[in-house]
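Asks: Fold the following.
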Amino acid sequence: MARDAQERLKGATTNAASSGLLPKGLRSNSRKPPAPWWKVFGPGIVSGASDNDPTTVASLAVIGSTTVYGLSWLVLLIIPMLAVVQAISAQVGMVMNTGLENAVRKHYGKFWALLALVSVLIVNLMTLAADLEGGGAALSMLIHIDYRWFVVPLGVGSGFMLILGNYKKIQRVLIYLPLVFLSYVAAAFLARPQWRDVLRHSLIPQFSFTGPMVAGAIALLGTTLTAYSYVWETIEMSEEATPVSKLGLVQVDSTLGTIIAGASFWFILIATGATLGVHHKVVETAEDAANALTPFAGHWASLLFGIGLLASALIAIPVLSATSAYVVSEMFGWGRGIDKKLWRAKKFYVTLIAVLVVGSGIALAGVPPIKLLFFSSIVGGLATPITLTMMMLIAGNRGAMKRKPLNPILLGSGWVVTFVVTCAATIFLFQTLTGKN
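Replies: This is a model prediction of the structure:
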């Protein structure tokens, strides 16, 4: 009898907790059992892969066509920089069990959380609009219909995929899409660049404070170290509820994603520089950018580039819209989560839909796709120092990270990355405002 009573009480408590009737302190822990070590891999690869979105591909194409191999050293330097940022964001998400926005609000107050929110949303909306337009341009190359006809369907499709789909299923699909960028490796070799020049520019940093070089540098930093990538990593880690004991595996996962993305960055730049930059052909349209694949694909170059651009858009658009919905929901304490049903996180999904609507509206404003893609990268470079600084403050806060403080070397490296991005943004603003090149 006593055992039956205990079982009934336990069942009643569980039901009350799941329905939200119990106070937070009495609710049972609904987190799933820790995943086996081999299932820890995935979020870092997706986060790294999402960094290789249409804004990145387009920005690298523009940079390669205007500076040839001049910034190839920066592309290689970005790989360890991005690895450091992703490793830090993974640890912050795991230890804090929450996204970056919520962590900032909890430890530094609403003002700084609101500043972080605004900086993330501005970059996300611009990047989302550019990626929707980039995805539309990709479909236009494949179907030969004006890209604007595809912007809304891409937004609607991404929204339905997030609202109706299971996040795990989406993630398993997204992991494999970056393989399409291997075509740039072949294109770089078949373009037969002067490898002596490539290696010299890649291994010996050279920089001139000309307009194309400074704009290229800030766009490159902005599109690769963009806020949504590491904010999304903190969200994924908190959603996965991976135990801190698997931190090493998670950081290997994030590093692997970074290496995959970074290697493709370098080959895109080399392929574009060898085919367009050496002939002084500036990339102004998606078709111009596709010419970088001509040595590999011949008359199929536009088709292959269109597939790659579309794949990168399909990776990035859901991540961008979901990240935006998460940070807004964290700021205001709303229920959130891609795995939650619509009626259990209404405000979260309304925000997600609103973000897609605004992004689609910007994409339909008539700005040429390549220009919008490159411009959004510059915006990202200017806003990223704000959120990156916030993350570093959280990462270095021993009160917040008491379960697993950051390694001092990793923390110091993160601050170096923050300093570099801030300096690049400052130089760009100075040249833009003063007109000095």
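Asks: Gly135 is in what secondary structure piece?
Replies: Using DSSP states H and E, Gly135 maps to helix 110-143.
Asks: Give me the buried positions along the helix or strand just after that helix.
Replies: Next along the chain after helix 110-143, taking DSSP H and E as the criterion, comes helix 148-164. Using 16 or more other Cβ atoms under 10 Å as the test for burial, helix 148-164 gives Phe150, Val151, Val152, Leu154, Gly155, Gly157, Ser158, Gly159, Met161, Leu162. Backbone N, C-alpha and C define where each C-beta goes, glycine included.
Asks: separation between the second one and Leu303?
Replies: This means Val151. 21 Å (Cβ to Cβ, to the nearest Å).
Asks: Same question for the last one.
Replies: With distances defined as Cβ to Cβ, the gap from Leu162 to Leu303 amounts to 28 Å.
Asks: Give the residue spans of the stretch 51-200 of the chain that score low on pLDDT.
Replies: 51, 166-168, 170-181 (pLDDT under 70).
Asks: From what I see, Leu74 and Ala219 are in contact.
Replies: No. Applying Cβ atoms under 8 Å, one finds Leu74 not in contact with Ala219, separated by 10.7 Å.
Asks: Reduced to three states, what does the residue most central in space within the chain come out as?
Replies: Closest to where the C-alpha atoms of the chain average out (Cα atoms, centre = their mean) is Ser229, at 2.9 Å. When classified by DSSP: H, G, I helix; E, B strand; the rest coil, Ser229 comes out as helix.
Asks: my guess is it meets Gln86, correct?
Replies: Yes. Using Cβ under 8 Å, Ser229 is in contact with Gln86, at 7.4 Å.
Asks: where along the stretch 151-300 of the chain do the helices fall?
Replies: Using DSSP state H, counting those that start in this stretch, the helices of the stretch 151-300 of the chain run over 167-174, 183-190, 195-203, 211-224, 227-240, 247-275, 286-290, 294-297.
Asks: Point out where the stretch 201-350 of the chain drops to low pLDDT.
Replies: Residue ranges of the stretch 201-350 of the chain with pLDDT under 70: none are present.
Asks: Please state the offset of stretch 263-278 from the chain centre?
Replies: 21 Å (Cα atoms, centre = their mean, to the nearest Å).
Asks: Next up, the contacts around Tyr108.
Replies: Residues near Tyr108 by Cβ atoms under 8 Å, 6 or more residues apart in numbering: Met390, Leu393.
Asks: all numbers from here: first residue = 26
Replies: I'll keep to 26 as the first residue from here, and by that count the last item is Tyr133.
Asks: What separation do you get for it and Phe455?
Replies: 29 Å.
Asks: Of Leu99 and Ala244, which one has the most company?
Replies: Shown here are Leu99 and Ala244; by other Cβ atoms under 10 Å, Ala244 has more neighbours (29 against 25).
Asks: quick one, what contacts that one?
Replies: So Ala244 contacts Ser84, Val87, Ile88, Phe399, Ser402, Ile403, Gly406 (Cβ under 8 Å, 6+ apart).
Asks: Quick check: the first one touching Leu245?
Replies: Yes. Because the distance of 6.4 Å satisfies Cβ under 8 Å, Ser84 is recorded as touching Leu245.
Asks: what sits in contact with each of those two?
Replies: With Cβ under 8 Å, 6+ apart as the test, Ser84 and Leu245 both reach Ser402.
Asks: tilt between the helix holding Gly160 and helix 236-249?
Replies: Using axes from the mean of the first three to the mean of the last three Cα atoms, to 10 degrees, the direction of helix 135-168 lies 100 degrees away from that of helix 236-249.
Asks: Name the residues of helix 135-168 that come out as buried.
Replies: When burial is assessed from 16+ other Cβ under 10 Å, helix 135-168 yields the following buried residues: 137-138, 141-142, 144-167.
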